[in-house]
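Peer 1: Test case, fold it:
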Amino acid sequence: MSVLDVFTVAAVSAGAFFFLAGSVGLLRFPDTLTRLHALTKADNLGLGLIVLGLLPRVDGVLAGVKLVAIWLLALLASAAASQLIALAAKRPGPRA
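Peer 2: Presented below is the predicted three-dimensional model:
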């Protein structure tokens with residue numbers, strides 16, 4: 001195994017660990033805001049590590065740019081969705 005293989009395995013494994021930690025936080029934390037915090041932080045870091053681990057394996061620069069663009073779009077979508085969920089959770093009144 002080359003150094004790039006070891007780096008890829010380490011980064012993807014660390015990313016999978018953060019995904020798992022975020023899922024455990026989602027299930028274990030007591031209220032909506034702490035669940036959101038655990039999930040968004042861990043998932044964004046996990047996806048970033050997986051993308052970082054996959055970058056040495058891409059065929060060209062365009063494929064690498066696509067991976068980074070997907071990660072950035074996921075960061076934006078996660079931030080927007082968590083803000084909307086947090087605002088809805090803080091709103092007084094009946095919830096479905």
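
Peer 1: List the residues that contact Arg57.
Peer 2: 4, 8 (C-beta atoms under 8 Å, 6 or more residues apart in numbering). All C-beta atoms are positioned from the backbone trio N, CA, C, and that covers glycine.

Peer 1: now do 7 Å
Peer 2: Residues near Arg57 by C-beta atoms under 7 Å, 6 or more residues apart in numbering: Thr8.

Peer 1: what's the answer for Gly25, then?
Peer 2: Counted by C-beta under 7 Å, 6+ apart, Gly25 has contacts 35, 38-39, 42.

Peer 1: of all those residues, which comes closest to Ala86?
Peer 2: Ala86 has its nearest neighbour among the contacts of Gly25 in Arg35, at 10.3 Å by C-beta to C-beta.

Peer 1: pretty sure that closest one contacts Val24?
Peer 2: No. Using C-beta atoms under 7 Å, Arg35 is not in contact with Val24; the gap is 10.8 Å.

Peer 1: So those two - more neighbours on which side?
Peer 2: Neighbour count, other C-beta atoms under 10 Å: between Arg35 and Val24, Arg35 has more, with 19 against 12.

Peer 1: Mind listing residues that contact stretch 12-22?
Peer 2: Under the criterion C-beta under 7 Å, 6+ apart, residues 38-39, 42-43, 45-47, 49-50, 53 lie in contact with stretch 12-22.

Peer 1: Next one, pLDDT for Ile85 please.
Peer 2: If you check Ile85, the pLDDT there is 87.

Peer 1: same question, Arg91
Peer 2: At Arg91, pLDDT is 82.
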